[in-house]
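> One predicted model, sequence on top.
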Amino acid sequence: MSDAGDTAEPRRSQREKKKAAHFVSEDSRRNKRKRSDTSNGDEGDSELSELSDLEPDAEDADVEAESDAPTPKAKAKTTKAVPKRKGPPPAKKPKAPAATSSKPKKIVGGRKGKKTAEAATFDAEQVSKDTKISGDNALFNAIMNPAAALQSTAEDFLESLTQTPGASQAELINCVLRTCGCNHAVDADEVVDYDGVVDALDNITEALKQDDTPVYPLTSKLPAFKKFRRSLSEFLSRLISSAAPLGQLYASDLLPTLQTWVVAMSSSHLRAFRHTATVIALEVETALCEVAADVDKEAEVVSRQREGERKRKKGKGEPLTAREKELERKAAEVRERRTKLAEFLKEFVDGVFVHRYRDLDPNIRAECVRAMGQWFAKYPAHFLEGAYLRYVGWVLSDANTHVRLEAVKALALAYEQSEYIGVGALQHFTERFKPRLVEMAMQDTELSVRVAVVQVLQAIDAHGLLEDEHRDKLCLLVFDEEAKMRKAVSGFVKGVWDERVEERLVGRKPNSKEKKRAGVKSFAMLLVQWGRALDKGIVDDEADAEDDGDQSEGSSKRGRGKEVASLVGLDQKGRTALAVEALWDEVGPVGDWETLLDILLLDHSAGDEESSSQNRSRKKGKQVADSGVEEVWRLEEVEEGVLLEVLLAALRKTKVEAGGSKKGEEDVVSSDITRALIKGLPRLFVKYQTDAGRMSDVLQLPQLMNLDMYLEMRVISAYATLWDDIIKQFTSHSTPILLTNAVATIRFMLDATSLANTNSTKILELEEELSTSLRDTIRGRDELELASFSEDEILALAAICARLATLMGTRDMTSWMEEDEGGKQSSAWDIISALAERGRLGYKEEEAMIDQALNLLTLYIIWKARGLTVAPDPSPEELQFREKLKESRDSLLEKLLEFTVGTQSNTSDGVRRAAFQNLMNLHILFCPAQSIAPDGSPLPTAFLALTLEDETQYRCAGFVQAEIERYAEELDELSPPSEEGSDETDSDGQETENEAQPKAKKSKKAKGKQRVRSESPGIVNHLLRR
């Protein structure tokens, strides 16, 4: 009996739930009836009969049929409709005028109290006027109303569907037509005439083609449609989810009717119909996925219950209990529902998605792919199959950026279903489309697509489905020029780094310090590996660029390595610094500057063969006695160089972050860094003193210190030693980057006023050393302009001039240049001028020396110009200063003009270019137009203004033109042979390829030169006359 009772109770509960669901809207319907009664003044059957009499005329007017034909049809329809329309107001939903005015209020009137004020502001008639879409459909008005309670709307519609199915289905299809921006309507007979749907749509389409079709809601920019898409999606979702428990989803014609119309409309030539119908079909499919997923869960529960009942039975031959019979009935019912849902899902996919995912409109394609992603997430058991995944894979090569992005997002949702990753279909899809995903991450034209693809590939790699080759390519993106891309790949790089650390620590039980050092070693190895791959990629990309000229919009952006190289060249930050910023929060060693400094201070110089043989003979865990460095974290030379860059970038990043934290934190961090560097810098100078590349990084470290701490800690001798180390490196190297970094550090140290005594002493020592080295090199030669120098002497003089020019770029050294000890020796100005005069000889090996000498002389004039005044009555000293400056400037200008456009010297090309650059700098400085302040008053340079004669200007223009032509010829030599004229060659069929290519190349050169000749003089003359 208890089992029987159990079987009866669910049916009662279902009836109670059904009543409760309808009871929610009963009060609102009662209120609506009162309003309807008040406005109309009639009740019951008389009102319904009047409506029934009106309906045929309205339908006849819509279809323009003959007067005799529709009459019997209308009578039959009236006799059927009257008994169904006795009670509820939904009978007023057809197109009768009496129902049109009151129906919108019916849907929105009895909403939740919190939306009443917003609902009061919604005016259906005004919205209809603004949008040019008829307001005769209650469902459409409810969707348009942002304050509408769409759950109540869906429930009311389902109730009316039970009582008046034909009229309710017509209202739903008319709502779809309104959503398309169409004001036509169908009646209860037309809506269920499935065979006539295509003809009906053709008639509507022909009528719309004759009118100016208004913008439909999904694409309109009108404020009234701002929330329309979201409301439409919500209504359809609530409609399907509400119809499922009531059984109307399976028992009624709701879905077959909607499906028939929507599938037909999705193939319309009108974009409004096609787009809207596709969106509705996709939203319904999404709602069906939720219902199907719930039914699957219900099936699992029933299956477990049946299995439990079977286990409780004592014998196999016992008859079925009432409980088992009930569970069998439930299982059969669930199977039936699953079958129905599977049919619905398949029909929407086959009828709409399969055709529209390749629509000409990219918006429709994007809608389809986005919906597929939602299906992956909501019903993975059904859609994570090869038959559906392949569509997303094909769209990965779509020409439209938005479509590709939606495809990648859909895949991200698919790979989030971790329990389905092992499914064969998803693995097969991954293997097939993995190369395309990697290509998109590396070369797609859109940054957002690349970032999204990296997230997908990271999910793929988390399940071990990515090969090492692809992982290496993705890791190169940590050097990408886009900060978002570098940040996106940081999580992926962290996974690769973790694996490398684990490999190095296999078989060991490391402590915290050893683990940190192994992490630093692994990170250095990866940076070196990626850097080499990137450098190799730059060469490969340049070669590929010569072979490949055709790149589609959806495939590639370019060879990225070259752009990264140009980025590094323009910015002070190298690619290592870019990687440090991106990996700051992910990879441990990046922010651990103390461990970085500690491992760099170790001696890693033991020979590889010796150390490896020693380590093989030692037990694991023992350190190498010579250097205290184990093989687990022993650095190679190239790795030390990379880690120096990492240390420098990490210290800068640490200081920046400390500056943005709480008060006092910056001082603490700065003190910690300074204390560590005071101890470590001398050892780094000794360790890397012969390596100019690494020393250029070491020379930047003092700029990150708080130099006042040398005084606070009473270690002035250490500060003096730091000065000595910097001077030693500055005077023993000639690499431009090292000299620049050294001078920047010297400038930083000179700004420390608390250490002014030491600074003044050391800078004088540096100037004296530079003066001594210059005079020692030229000692014993009287006429420097014509004297002969050995190759070593030329290199030494070029290095000295480079050091002086670099230092003079930030420090006024005019007094040092003029010092002659009362005439006992030649001044530096005279020596450098004499060396510059050697430019007339045309020795190519002296180009670098003369270039730096001319630059140094120009800097001298620029610094001297700062001493000019604008006093109306200058003193004799000021007049003498002007006269001496003019004399020095004119002598330099004479050299520069002769080297640039003169005919009396044999100047080399490199010297000619350097002379032209310095000539332009001086003329810009003393240009008359630049010598007047905005208020009209003269500037100090006005008293020494320069003008360039017309003849000299034209000769300078000729020099620039020649340089442009020379550069164009160099580019032609580096570029691949032109294919111009290949069509003509093919048509003749006899001219060989070897004959055609030189002609094309010559033609290309001629055209380039002709263009240069026609354009460059005017441009150069314009620039020079400024």
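Arrived safely, thanks for sending.
> tell me the domain boundaries of this protein?
124-284, 780-972 (the TED database).
> what mean pLDDT does the first one have?
For domain 124-284, the mean per-residue pLDDT is 89.
> Run through the strands of the stretch 651-800 of the chain in chain order.
Counting by DSSP state E, counting those that start in this stretch, the stretch 651-800 of the chain has no strands at all.
> about what we covered before: now mean neighbour count too, for the domains of the chain, in CSV please.
Heads up, the C-betas are built off the backbone N, CA and C, glycines and all. Output for those, formatted as CSV (neighbours: other Cβ atoms under 10 Å):
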stretch, mean neighbour count
domain 124-284, 20
domain 780-972, 16
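> In a markdown table: those, plus distance to Phe748.
A markdown table is the format used below for the domains of the chain (distance: least, Cβ to Cβ, whole Å):
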| stretch | distance to Phe748 |
| --- | --- |
| domain 124-284 | 56 |
| domain 780-972 | 10 |
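> So for Val454, which of the ones you listed sits nearest?
domain 124-284 (27.4 Å; Cβ to Cβ).
> Return the distance of the closest one from the chain's centre.
38 Å (Cα atoms, centre = their mean, to the nearest Å).
> what residue lies at the spatial centre of this structure?
For the chain, Leu447 is the residue whose C-alpha lies nearest the centre (Cα atoms, centre = their mean; 3.3 Å).
> what number of residues lie near the closest residue to that one other than its chain neighbours?
Nearest non-adjacent residue to Leu447, counting by Cβ to Cβ, 6 or more residues apart in numbering: Glu482, 5.6 Å away. Counted with other Cβ atoms under 10 Å, residues neighbouring Glu482 total 15.
> Can you check what pLDDT the model gives Glu482?
Looking at Glu482, the pLDDT reads 90.
> hang on, Glu586 packs against Val493?
Yes: under the criterion of Cβ atoms under 8 Å, Glu586 makes contact with Val493 at 6.8 Å.
> Sketch out the helices for the stretch 101-250 of the chain, chain order is fine.
116-120, 124-131, 138-144, 150-163, 165-179, 188-191, 197-210, 228-246, 248-251 (DSSP state H, counting those that start in this stretch).
> hang on, I meant the stretch 551-700 of the chain
Going by DSSP H, counting those that start in this stretch, the stretch 551-700 of the chain shows helices at 560-570, 575-583, 588-591, 593-600, 608-617, 637-659, 665-687, 692-698.
> So in the protein, which helix runs the longest?
Counting by DSSP state H, the longest helix found in the chain is helix 271-312.
> Determine the set of other helices and strands touching that one.
helix 165-179, helix 228-246, helix 254-265, helix 322-348, helix 362-378, helix 380-383 (3 or more Cβ pairs under 8 Å, 6 or more residues apart in numbering; DSSP states H and E).
> angle of that helix against helix 228-246?
Orientation check (axes from the mean of the first three to the mean of the last three Cα atoms, to 10 degrees): helix 271-312 against helix 228-246 gives 30 degrees.
> Off-centre distance for helix 271-312?
36 Å.
> same deal with stretch 464-476?
Per Cα atoms, centre = their mean, the centroid offset for stretch 464-476 relative to its chain is 20 Å.
> For that stretch, give me every contacting residue.
421, 427, 430-431, 434-435, 438, 441-442, 454, 457, 460-461, 489, 492-493, 496, 526, 529-530, 533-534, 537, 561 (Cβ atoms under 8 Å, 6 or more residues apart in numbering).
> With Met813 as the reference, measure out to Leu807.
7 Å (Cβ to Cβ, to the nearest Å).
> again with Glu171
Counting by Cβ to Cβ, the gap from Glu171 to Met813 is 91 Å.
> now do Glu159
95 Å.
> Between the helices of the stretch 101-250 of the chain, which one is closest to Leu601.
helix 228-246 (61.2 Å).
> got the angle between the closest one and helix 165-179?
Using the same axes, to 10 degrees: helix 228-246 against helix 165-179 is 160 degrees.
> CA atoms only for helix 228-246 - export them in PDB, please.
Taking Å, rounded to 0.1, in the frame of the first residue of the first chain, the C-alpha atoms of helix 228-246 are listed here in PDB:
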ATOM      1  CA  PHE A 228      16.000  44.200 -26.700                       C
ATOM      2  CA  ARG A 229      18.500  41.500 -27.400                       C
ATOM      3  CA  ARG A 230      18.900  40.600 -23.800                       C
ATOM      4  CA  SER A 231      15.200  40.600 -23.200                       C
ATOM      5  CA  LEU A 232      14.500  38.400 -26.200                       C
ATOM      6  CA  SER A 233      17.000  35.900 -25.000                       C
ATOM      7  CA  GLU A 234      15.500  35.900 -21.500                       C
ATOM      8  CA  PHE A 235      12.000  35.500 -22.800                       C
ATOM      9  CA  LEU A 236      12.800  32.500 -25.000                       C
ATOM     10  CA  SER A 237      14.800  30.900 -22.200                       C
ATOM     11  CA  ARG A 238      12.000  31.300 -19.700                       C
ATOM     12  CA  LEU A 239       9.400  30.200 -22.200                       C
ATOM     13  CA  ILE A 240      11.200  26.900 -22.900                       C
ATOM     14  CA  SER A 241      12.200  26.300 -19.300                       C
ATOM     15  CA  SER A 242       8.600  26.900 -18.200                       C
ATOM     16  CA  ALA A 243       7.000  24.800 -20.900                       C
ATOM     17  CA  ALA A 244       9.300  21.800 -20.100                       C
ATOM     18  CA  PRO A 245       7.900  20.900 -16.600                       C
ATOM     19  CA  LEU A 246       4.300  21.500 -17.700                       C
END
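> which other helices and strands contact it?
helix 2-23, helix 138-144, helix 150-163, helix 248-251, helix 271-312.
> can you list those in CSV and add distance to Gly664?
CSV is the format used below for the helices and strands packed on helix 228-246 (distance: least, Cβ to Cβ, whole Å):
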stretch, distance to Gly664
helix 2-23, 64
helix 138-144, 58
helix 150-163, 56
helix 248-251, 66
helix 271-312, 55
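> out of those, nearest to Gly393?
Among the helices and strands packed on helix 228-246, the nearest to Gly393 by Cβ to Cβ is helix 271-312 (18.9 Å).
> and the angle for the closest one with helix 254-265?
140 degrees.
> what inclination does helix 271-312 have with respect to helix 322-348?
160 degrees.
> Number the chain from 368, please
I'll keep to 368 as the first residue from here, and by that count the last item is helix 638-679.
> Could you figure out how far helix 638-679 is turned away from helix 564-577?
Using the same axes, to 10 degrees: helix 638-679 against helix 564-577 is 150 degrees.
> which sections of the chain are below the confidence cut-off?
368-488, 578-581, 680-685, 789-790, 904-940, 973-995, 1342-1393 (pLDDT under 70).
> which one of Glu953 and Val860 has more residues nearby?
With neighbours defined as other Cβ under 10 Å, Glu953 and Val860 compare such that Val860 has more, 25 against 18.
> Name all residues that make contact with that one.
Taking Cβ under 8 Å, 6+ apart as the test, what Val860 contacts is 842, 845, 893, 950, 953-954.
> just how off-centre is the helix or strand hosting it within its chain?
Using DSSP states H and E, Val860 maps to helix 857-871. In terms of Cα atoms, centre = their mean, the centre of helix 857-871 is set 24 Å apart from its chain centre.
> List the buried residues of it.
Buried residues in helix 857-871, defined by neighbour count with 16 or more other Cβ atoms under 10 Å: 857-864, 867-868, 871.
> Need those residues in a markdown table (columns: distance to Ala618).
A markdown table is the format used below for those (distance: Cβ to Cβ, whole Å):
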| residue | distance to Ala618 |
| --- | --- |
| Ser857 | 54 |
| Gly858 | 50 |
| Phe859 | 51 |
| Val860 | 56 |
| Lys861 | 55 |
| Gly862 | 52 |
| Val863 | 56 |
| Trp864 | 59 |
| Arg867 | 62 |
| Val868 | 62 |
| Arg871 | 66 |
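> Check those against Thr498 and report the nearest one.
Out of the buried residues of helix 857-871, the member with the shortest distance to Thr498 (by Cβ to Cβ) is Gly858, at 46.5 Å.
> so that closest one touches Glu953, yeah?
Yes: under the criterion of Cβ under 8 Å, Gly858 makes contact with Glu953 at 6.2 Å.
> which residues does Ser609 contact?
Per Cβ under 8 Å, 6+ apart, neighbours of Ser609: 388, 518, 521-522, 525.
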